[in-house]
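Chemist: sequence and predicted structure below; questions after.
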Number of protein chains: 2
Amino acid sequence: MKKPLILIVNDDGINAPGIRKLISIMNDFGEIVVVAPDGPQSGKGHAITIESTIRCDKVIIDDGPQTEYSCSGTPVDCVKLAVNKLITRKPDLCVSGINHGSNSSINVIYSGTMSAAVEGALEGIPSIGFSLLDYSHEADFSEGEKYIREITQSVLDNNLPEGVCLNVNIPKSVDDKKIKGIKVCRQAKANWVEEFDEREDPKGRKYYWLTGKFVNYDKGDDTDERALENHYISVVPVQFDVTAYHAISKLNTIL
Amino acid sequence: MKKPLILIVNDDGINAPGIRKLISIMNDFGEIVVVAPDGPQSGKGHAITIESTIRCDKVIIDDGPQTEYSCSGTPVDCVKLAVNKLITRKPDLCVSGINHGSNSSINVIYSGTMSAAVEGALEGIPSIGFSLLDYSHEADFSEGEKYIREITQSVLDNNLPEGVCLNVNIPKSVDDKKIKGIKVCRQAKANWVEEFDEREDPKGRKYYWLTGKFVNYDKGDDTDERALENHYISVVPVQFDVTAYHAISKLNTIL
């Protein structure tokens, strides 16, 4: 049997420890092509580069067997370039991450990591985004590894429903609180309560840093936030059909 | 009764004819605050600015009664800044556009215009994105005006279901083919078949322009693409809960 072809992408940049770990895991599953941003692209959502040009160059970063490309574009650009220009056959799997930081609940729509997975699904490729709830560069990706392997093998064996990718979040292991297992969840209703840090530049002109606090309003037991609180890995199936079907009948009465 | 407070944003930039037209229409409906990008931000999806600072300055562009801010950030940054920093009471409505070009079907996830409307909905504000199927700077926004007024009035009168905003696309009027009315639709299953235009810079190094062809695979009569083909304005209710609920039971059997 031919080895599966696996496309790897992320949003923290090709040198981030999270993607290096994911590459080392995926090398056991198949033939690996990495197309990842040349620098941080966090919070880029589903952005694509249409007002400027894109650079994409083959690079060698470590001595693994994978083929790697460093790209000046967004995570979604990376997937598009991979599928349409750099890879001749369609990948059997697209994995994105491992993100440094949570992409649970509403973070899914801001996340470059998850948008790359959604773009993979759009291209008809079974796709998974992996994130660890630890923003630090020195995050420990080892405890989640066993589950990343399990989920990857299951998706390779079973495929995914059409138009659906997976948003996998891994809790941060603290002291004796180990990961208990995997829970399939829905996206929690949560939000960022924004604050802008207003400053003055040396010329006295105002500028802002976006900052904020994450607030979970959702008391449900079936959410990704609840699973993560309870030290489970959360898996949310994510779709790109964003039609609010339940609202159609009401709109037909008022428009 | 207090005049409604209306936030206006777009992704083509504060000087684009589409937003200038929208401002002139909305001035008849309430008190207007414009917070819009200082230049083109098309295709920026739900990107936010977290790796760099944001500028936002009060500007006067024409002699209308509206208050305007020009912002260096993305369309979603504009909404966040407006709601959290620039406006003291919560807007009664957020309108985005009028976009120069279609945001129907899959374009909704790449669109800065629609992401701004989604961000408005996330903030609990009834929100509408308006787009005209004409990319040109000289696009004629006049024929859709009557319908923009109708939809705006209806949303002010009836509100929208929680967590839902509207994606309104207006067909381009050609010769005798006038707009026939409004249809509430679902998002068509369509896609961009990407091509990358590969070039060489003066030093002989490769670079790419993202380009592509839009393909509609969806034969349904209830899609936005079908409505637009038939010269109707399409209205798709859009949600930010992207959980693929129909996939949860299958995932529970394989994970």
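Modeler: Yes, it's here.

Chemist: and the helices in chain A, which stretches?
Modeler: A:17-26, A:75-81, A:107-110, A:112-122, A:145-158, A:224-229, A:248-254 (DSSP state H).

Chemist: out of these, nearest to B:V164?
Modeler: helix A:248-254 (8.8 Å; CB to CB). Where C-beta positions appear, they are placed from N, C-alpha and C, glycine not excepted.

Chemist: residues contacting the closest residue to A:S102 other than its chain neighbours?
Modeler: Once flanking residues are discounted, A:S102 sits nearest to A:L133: 4.8 Å by CB to CB, 6 or more residues apart in numbering or on different chains. By CB atoms under 8 Å, 6 or more residues apart in numbering or on different chains, A:L133 lies in contact with A:101-102, A:104, A:169-172, A:228.

Chemist: tell me the least confident of those residues?
Modeler: Within the set of the contacts of A:L133, pLDDT is lowest for A:K172 (91).

Chemist: residue contacts, that one?
Modeler: A:132-134, A:139.

Chemist: which of these sit farthest apart?
Modeler: For the contacts of A:K172, the maximum inter-member distance is 8.9 Å, found between A:L133 and A:A139 (CB to CB).

Chemist: and the closest residue to A:A36 other than its chain neighbours, how far is that from B:F240?
Modeler: By the measure of CB to CB, 6+ apart, the closest residue to A:A36 outside its immediate chain neighbours is A:I14, 3.9 Å from it. For A:I14, the distance to B:F240 equals 30 Å [CB to CB, to the nearest Å].

Chemist: quick one, phi psi at A:S173?
Modeler: Main-chain torsions, A:S173, degrees, to the nearest 10: phi -80, psi 120.

Chemist: just to check, A:K206 is in contact with A:D197?
Modeler: No: counting by CB atoms under 8 Å, A:K206 stays clear of A:D197, with 11.1 Å between them.

Chemist: what sits against the closest residue to A:V236 other than its chain neighbours?
Modeler: Distances taken as CB to CB, 6+ apart put A:N167 closest to A:V236, at 4.4 Å, once the chain neighbours are dropped. Applying CB under 8 Å, 6+ apart, one finds that A:N167 lies in contact with A:103-104, A:108, A:114, A:117, A:129, A:131, A:187, A:224, A:234-238.

Chemist: so A:M114 sits right up against A:S96, yeah?
Modeler: Yes: shown here, A:M114 and A:S96 form a contact pair, counting by CB under 8 Å, at 7.1 Å.

Chemist: what do the two both touch?
Modeler: A:G129.

Chemist: residue ranges with poor pLDDT in the stretch 1-150 of chain A?
Modeler: A:1 (pLDDT under 70).

Chemist: need the strands for it, in chain order.
Modeler: Under the criterion DSSP state E, counting those that start in this stretch, the stretch 1-150 of chain A carries strands at the ranges A:5-9, A:31-37, A:56-59, A:67-71, A:93-100, A:127-132.

Chemist: hang on, the earlier thing: which one of the contacts of A:N167 is nearest B:K58?
Modeler: Proximity of these to B:K58 (CB to CB) peaks at A:V108, which lies at 34.0 Å.

Chemist: dump the residue contacts of that closest one.
Modeler: Contacts for A:V108 (CB under 8 Å, 6+ apart) come out as A:114, A:167, A:187, A:236, A:238, B:242.

Chemist: tell me what the nearest residue to the last one once chain neighbours are set aside is bridged to.
Modeler: Nearest residue to B:V242 in three dimensions, chain neighbours excluded: A:V238, at 5.0 Å (CB to CB, 6+ apart). Counting by DSSP bridges, A:V238 forms beta bridges with A:C165, B:T243.

Chemist: quick one: A:V238 and A:L166 touch, right?
Modeler: Yes: A:V238 is within contact range of A:L166, at 7.0 Å (criterion: CB under 8 Å).

Chemist: all good on my end, thank you.
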